[in-house]
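> Fold the following, please.
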Amino acid sequence: MPAKNRKPTTRHSYFKRNGLLIVFLSLTVLTLTGQAITGWCDHNEFLKNKGVAEINFIHYLGSGHFIQATFENWESEFLQMGLFVLLTVSLYQQGSSESKSLDKEEAVDREPKLCARAPWPVKRGGWILKLYENSLSISLLLLFIFSFVAHFYGSLRYHNLEQKLEHKPTVDAGEYIVTSRFWFESFQNWQSEFLSVAAIVFLSIYLRQKGSAQSKPVDMPHHETD
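Residues are numbered from 1 along each chain as shown. Here you go, the predicted model:
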């Protein structure tokens, strides 16, 4: 017989349980599609001006122009998130909703407890648990490294295409990685990501968005950290 006084399980729709992820993945697909189409048109205009035959859309998706533009942005996003996850372990900002409390112990700092509902790495323990304890930052930094390499590959290909069309010598990977062009592409994105983190850390001290997990309660004093 069912246990008495058991609270009924709340059943939410699939979208309510996953709405945030669904919306952002949908926006990613839409904007990436827009980037691909407009980038294809822009690249073909570039080729046309150079007196070279235009390429089809599928060919464009494998071009240095598209690869460089895509992963140049992904690289900075994963770097920003990876560093933010790591730095918020030990650094604080009084009053910011993006920081842990300066005075009280947070749930994220406690040692994992073994229970029936714990993820399997917690039950396994040892080096698997230690890896799992740092798996979020490791995954984000690995994604950054992958995106960095892909950005470099695409940027090198596009640079050499430009060189060929202008009848100039091409360069190899070792020569290109020390060029100002490649690092300019990276730094211009990195600085914008770091600025956006600084902005949300600072603005969340004094400003509010009712209902958002990224904001403190509207009536919380500025100097307190939720």
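
> alpha carbons only for contacts and neighbour counts from here, please
Will do.

> which strands and helices sit next to the helix or strand of the chain with the lowest mean pLDDT?
Every helix and strand of the chain was ranked by mean pLDDT, DSSP states H and E. The lowest is helix 120-124, at a mean of 92. Judged by 3 or more C-alpha pairs under 8 Å, 6 or more residues apart in numbering; DSSP states H and E, helix 120-124 is in contact with helix 126-133.

> just the CA coordinates of the helix it packs on, formatted as CSV?
The C-alpha coordinates for helix 126-133 follow below in CSV (Å, rounded to 0.1, in the frame of the first residue of the first chain):
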residue,chain,number,x,y,z
GLY,A,126,38.7,7.7,-5.3
TRP,A,127,40.2,9.4,-8.3
ILE,A,128,36.9,9.2,-10.2
LEU,A,129,35.3,11.3,-7.5
LYS,A,130,38.3,13.7,-7.5
LEU,A,131,37.9,14.1,-11.3
TYR,A,132,34.1,14.6,-11.0
GLU,A,133,34.7,17.3,-8.4
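
> Show me which residues of that helix are buried.
The neighbour-count check on helix 126-133 (16 or more other C-alpha atoms under 10 Å) flags residue 129 as buried.

> and that helix, average pLDDT?
In this model, helix 126-133 has an average pLDDT of 94.

> Other residues contacting that helix?
121-122 (C-alpha atoms under 8 Å, 6 or more residues apart in numbering).

> Please name the residues that touch residue 224.
Contact partners of residue 224, counting by C-alpha under 8 Å, 6+ apart, are 94-96.

> Pull the least confident helix or strand of the chain out as CSV, backbone CA atoms only.
The C-alpha coordinates for helix 120-124 follow below in CSV (Å, rounded to 0.1, in the frame of the first residue of the first chain):
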residue,chain,number,x,y,z
TRP,A,120,27.7,7.4,-9.5
PRO,A,121,31.1,9.1,-9.2
VAL,A,122,30.3,10.0,-5.6
LYS,A,123,29.5,6.4,-4.9
ARG,A,124,32.6,5.2,-6.7
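
> Give me the distance from it to the chain's centre.
Offset of helix 120-124 from its chain centre (C-alpha atoms, centre = their mean, to the nearest Å): 27 Å.

> Stretch 173-190 now?
Distance, centroid of stretch 173-190 to centroid of chain: 20 Å (C-alpha atoms, centre = their mean).

> so where's the chain shaky on pLDDT?
For the chain, the stretches flagged by pLDDT under 70 are 1-9, 226.

> Please enumerate the helices of the protein.
Taking DSSP state H, the helices of the chain run over residues 14-49, 57-61, 64-90, 120-124, 126-133, 135-165, 173-176, 180-206.

> can I get the ones you listed in CSV with distance to residue 108?
Below are those laid out as CSV (distance: least, C-alpha to C-alpha, whole Å):
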stretch, distance to residue 108
helix 14-49, 22
helix 57-61, 41
helix 64-90, 9
helix 120-124, 14
helix 126-133, 10
helix 135-165, 13
helix 173-176, 42
helix 180-206, 19
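
> Good, we can wrap up now.
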